[in-house]
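In: Just the structure for this:
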Amino acid sequence: MHDSDSTIRKFMTPAPFSIGRAQTMVEAARRMREHRIRHLPVLEGGIVVGIVSDRDLAMVESLPGVDPAAVTVAEAMTAEPYAISPETPLVEVVEALAEHKIGTAVVMENGRLVGIFTVIDALRAFAARLRG
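Out: Numbers count the residues shown, from 1 in each chain. Down below sits the predicted model:
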């Protein structure tokens, strides 16, 4: 068992914004801009099926002759994102993100999306540790 200061629960972004897999990349872009975020968990029937990022959006927008309004989130997302529990030790998640060059983990509890943990959250955790 780990103390709460060393688990993801303390550093995750709770209740993240999400998007449905049938939505368009234009809608994903609008939500990212509106909420000033870079990642959206993708849900289908309340189940996390992927994650879409601002990088995915930039890639779709850069494709010649491709209309982002005609591309669904399902077509651009990364399926089966790295999923963790809120009780997962911070060090374990940070090591996994670095080792696999992943920018985000979805935080699941009892089969439900409860948070998101990004590299930015990891930097905040690191800064908090440096401050003591």
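
In: May I have the secondary structure class of residue 113?
Out: Following DSSP: H, G, I helix; E, B strand; the rest coil, the label given to residue 113 is strand.

In: Name whatever forms a beta bridge with it.
Out: On the basis of DSSP bridges, residue 113 is bridged to residue 108.

In: same thing with residue 39?
Out: With DSSP bridges as the rule, residue 39 is bridged to residue 53.

In: and what of residue 48?
Out: Taking DSSP bridges as the rule, residue 48 bridges to residue 43.

In: mind listing what residue 16 touches?
Out: 37, 39-41, 106, 113, 115-116 (Cβ atoms under 8 Å, 6 or more residues apart in numbering). In short, each C-beta sits where N, CA and C put it, glycine included.

In: Just the buried residues of the residues you listed.
Out: Buried members of the contacts of residue 16, counted by 16 or more other Cβ atoms under 10 Å: 37, 39-41, 106, 113, 115-116.

In: right, and out of these, which lies closest to residue 60?
Out: residue 40 (13.6 Å; Cβ to Cβ).

In: if we can go back for a sec, so can I have JSON lines of the contacts of residue 16 showing distance to residue 48 and pLDDT?
Out: As requested, the contacts of residue 16 are arranged in JSON lines below (distance: Cβ to Cβ, whole Å; pLDDT from 0 to 100):
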{"residue": "37", "distance to residue 48": "16", "pLDDT": "92"}
{"residue": "39", "distance to residue 48": "12", "pLDDT": "94"}
{"residue": "40", "distance to residue 48": "11", "pLDDT": "95"}
{"residue": "41", "distance to residue 48": "5", "pLDDT": "96"}
{"residue": "106", "distance to residue 48": "5", "pLDDT": "96"}
{"residue": "113", "distance to residue 48": "5", "pLDDT": "94"}
{"residue": "115", "distance to residue 48": "11", "pLDDT": "95"}
{"residue": "116", "distance to residue 48": "10", "pLDDT": "96"}
